[in-house]
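J.: A predicted structure for the sequence below; I have some questions about it.
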Amino acid sequence: MDSLFTQNLSDEPDDVPHTQDPVWILGKKYNAIKGRDWLWTPETKDSTYLKILNRFEDRRAAPFSIHQIAVMGASEGKEVGQWFGPNTIAQVLKKLVVYDDWSSITIHVALDNTIIVNDIMRQCKIEGGTTVEVDGKMPLKAPSEWKPLLLIVPLRLGLSEINPVYVNGLKTSFQIEQSLGVIGGKPNLALYFIGCVGDEVIFLDPHTTQRSGSVDQKSEEGEMETDTTYHCRSASRIPITGIDPSVALCFFCATEEDFKSLCKSIQDELINPEKQPLFELCSEKPADWSPVDDYTVEAAGAAASGILEFENLDRQYDASDEEFEFLG
């Protein structure tokens, strides 16, 4: 797993407690006392790593720069300077990734608390291939060519706080191998939740003013110093019930096999065991799915169309971002 934050050499970091409970970070299980291979080191100069950083630099030409994100946010109804919530940033990234030819990644934002598997298959496959069945009996079929997939699932898991019925499912989502964590936060504060331990979630908080600069090939001292600004010195923890109920779950499938595995894990671990699952998984759109074009629905930030009937009426499609700060 790519390193996430810098190693504090002066003292023992308190990012995770000294506990026998397993620590789950981005789909991988760690020992809280011994496992720390997520730590970033200043010597990191992998060419792929440097290309990734290059795409997030503070310059207008960078595909995912603060400039591009702010401008694209205007197409989602957010003026420059306004706060972005989990759903807004998901929609913005979906539009920006189209212009990043190097990564070849495609982003799918699942609407109305539902993952439509064959919609994703049609989006990811390059040529040929077939559709899938999600009935648990037939093996998943996949296309011969596959675009790496970043799947984002915006959810609202309560009104002012997370409904306890969703806590176990949210914790389980960090344990799925393809997990990229959760976009979320607290009112007026955006955070990146990367894992959990016990009843706490582990998060990175990048809200520190940094000097702008380029990493380039990381051959000069200034470039090496700039590299450190992309990392948090340590992670922090918060009770899972203390985070805002507006979240977006993220998963990454580099290959078709990853996606097949993700679908199975979602069904077996997030849906079947839960009385009230976080979201649903369908092969195709239900017959009563709104005929309005998906893009129009996304751009308008529409509320749930009612195709899913839940006992708890406090959860709905995340269309309100007013309580979040943009995560930049």
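T.: That came through fine. Numbers count the residues shown, from 1 in each chain.
J.: so what's the residue most central in space within the chain up against?
T.: Centroid-nearest residue in the chain, with Cα atoms, centre = their mean: residue 250, separated by 2.9 Å. Residue 250 sits next to 150, 151, 152, 153, 179, 180, 181, 182, 183 when contact means Cβ atoms under 8 Å, 6 or more residues apart in numbering. C-betas here are computed from N, CA, C, even on glycine.
J.: right, and the pair among those residues with maximum separation?
T.: Across the contacts of residue 250, no pair lies farther apart than 150 and 182, at 13.5 Å, counting by Cβ to Cβ.
J.: what about residue 247, how many residues nearby?
T.: Using other Cβ atoms under 10 Å, residue 247 has 26 other residues around it.
J.: could you do the one 10 residues further on as well?
T.: The burial metric for residue 257, expressed as a neighbour count using other Cβ under 10 Å, is 12.
J.: could you say which helix or strand holds it?
T.: Assigned by DSSP states H and E, residue 257 falls within helix 256-265.
J.: helices and strands around that helix, which ones?
T.: Judged by 3 or more Cβ pairs under 8 Å, 6 or more residues apart in numbering; DSSP states H and E, the packing partners of helix 256-265 are helix 117-124, strand 246-253.
J.: and the last one, how far out from the chain's middle?
T.: In other words, strand 246-253. Chain-centre distance of strand 246-253: 3 Å, with Cα atoms, centre = their mean, to the nearest Å.
J.: that strand pairs with which strands?
T.: As defined by DSSP bridges, the strand partners of strand 246-253 come to strand 149-156 (antiparallel), strand 179-186 (antiparallel).
J.: dump those strands to JSON lines, plus distance to residue 121, mean pLDDT and mean neighbour count.
T.: Shown next, in JSON lines, are the strands paired with strand 246-253 (distance: least, Cβ to Cβ, whole Å; pLDDT from 0 to 100; neighbours: other Cβ atoms under 10 Å):
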{"stretch": "strand 149-156", "distance to residue 121": "10", "mean pLDDT": "97", "mean neighbour count": "23"}
{"stretch": "strand 179-186", "distance to residue 121": "20", "mean pLDDT": "94", "mean neighbour count": "23"}
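J.: could I get these as a markdown table with distance to residue 95?
T.: Putting those into a markdown table (distance: least, Cβ to Cβ, whole Å) gives the following:
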| stretch | distance to residue 95 |
| --- | --- |
| strand 149-156 | 13 |
| strand 179-186 | 16 |
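J.: what's the spacing between the residue nearest to residue 279 when sequence neighbours are not counted and residue 173?
T.: Excluding its sequence neighbours, the residue lying closest to residue 279 (Cβ to Cβ, 6 or more residues apart in numbering) is residue 113, at 4.4 Å. Relative to residue 173, residue 113 is positioned 13 Å away (Cβ to Cβ, to the nearest Å).
J.: among those two, which residue is more densely surrounded?
T.: Counted by other Cβ under 10 Å, residue 113 and residue 173 do not tie: residue 173 has more neighbours, with 26 against 22.
J.: quick check, the more buried one in contact with residue 240.
T.: No. When contacts are counted by Cβ atoms under 8 Å, residue 173 is not listed as touching residue 240 (11.1 Å).
J.: coming back round to it: what mean pLDDT does the helix holding residue 257 have?
T.: Mean pLDDT, computed over helix 256-265, is 95.
J.: any idea which helix or strand comes after it?
T.: strand 280-282.
J.: name the residues that touch that next one?
T.: With Cβ under 8 Å, 6+ apart as the criterion, strand 280-282 contacts 113, 114, 115, 116, 117, 134, 263, 266, 267, 271, 308.
J.: any low-confidence regions in this protein?
T.: Along the chain, segments meeting pLDDT under 70 span 1-17, 33-34, 36, 127-144, 290-328.
J.: what ranges do the helices span in it?
T.: 47-54, 66-74, 86-96, 117-124, 167-173, 221-228, 256-265, 294-300 (DSSP state H).
J.: any buried residues in stretch 275-288, and which?
T.: For stretch 275-288, the neighbour count (16 or more other Cβ atoms under 10 Å) marks 277, 278, 279, 280, 281, 282, 285 as buried.
J.: still on that earlier bit, and among the helices and strands packed on helix 256-265, the most buried is which?
T.: Of all the helices and strands packed on helix 256-265, strand 246-253 carries the top mean neighbour count, a mean of 24, counting by mean count of other Cβ atoms under 10 Å.
J.: between it and helix 86-96, how many degrees?
T.: Computed by axes from the mean of the first three to the mean of the last three Cα atoms, to 10 degrees, the angle separating strand 246-253 from helix 86-96 equals 40 degrees.
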